[in-house]
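K.L.:
Sequence and predicted structure are below.
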Amino acid sequence: MREILIGFIIGSLVLSGLGAVATPVEDLNEYETINIAFSQPVFKGENDYITVTFDEVNSLLINENKPLLPTYMHTFLYPLGTKIKSVICEFDNFKSTLLDKDILPSPAKSIAGTAIDARD
């Protein structure tokens, strides 16, 4: 009786392992595309500088001593374990504009709660 029980357990383990190996892997290649159309930029003069903005702006690119530039960010949410093979960003109808003033520079880094000397 004991040999039958041991044989049954070993047989169950072997057969369950074969089922896992024989399971076909699904091809889950999915593609996600978003199209974003930007409005015309808005330029506003502030003293010696110009600020640039768009209606679609949801963030700013802030790098000390570099122009303060409007940006658009979009976050994609995927299930845990998702592997992203590639990201492609394409531009269409790219236009450039000549400005008569510099773009407002980004503010200097500071620690929250400390005073900033505007003359620096």
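P.N.:
Now that the structure is in, tell me what you want to look at. Numbers count the residues shown, from 1 in each chain.

K.L.:
Tell me, how many residues neighbour residue 68?
P.N.:
By the criterion of other CB atoms under 10 Å, residue 68 has 16 neighbours. All C-beta atoms are positioned from the backbone trio N, CA, C, and that covers glycine.

K.L.:
In contact with the most centrally placed residue in the chain, which residues?
P.N.:
What sits nearest the mean C-alpha location of the chain, by CA atoms, centre = their mean, is residue 75, with 5.2 Å. Residues near residue 75 by CB atoms under 8 Å, 6 or more residues apart in numbering: none.

K.L.:
so how far is residue 68 from residue 115?
P.N.:
22 Å (CB to CB, to the nearest Å).

K.L.:
distance of residue 110 from residue 95?
P.N.:
For residue 110 relative to residue 95 (CB to CB), the value is 35 Å.

K.L.:
again with residue 75
P.N.:
On the measure of CB to CB, residue 75 and residue 95 end up 27 Å apart.

K.L.:
Given the helix or strand hosting residue 43, what are its sheet partners and their directions?
P.N.:
Per DSSP states H and E: residue 43 is located in strand 42-46. Applying DSSP bridges, strand 42-46 is found paired with strand 49-53 (antiparallel).

K.L.:
So what touches the strand it pairs with?
P.N.:
Counting by CB under 8 Å, 6+ apart, 41-44, 68-70, 99-105 sit against strand 49-53.

K.L.:
That strand: which residues count as buried?
P.N.:
50, 52 (16 or more other CB atoms under 10 Å).
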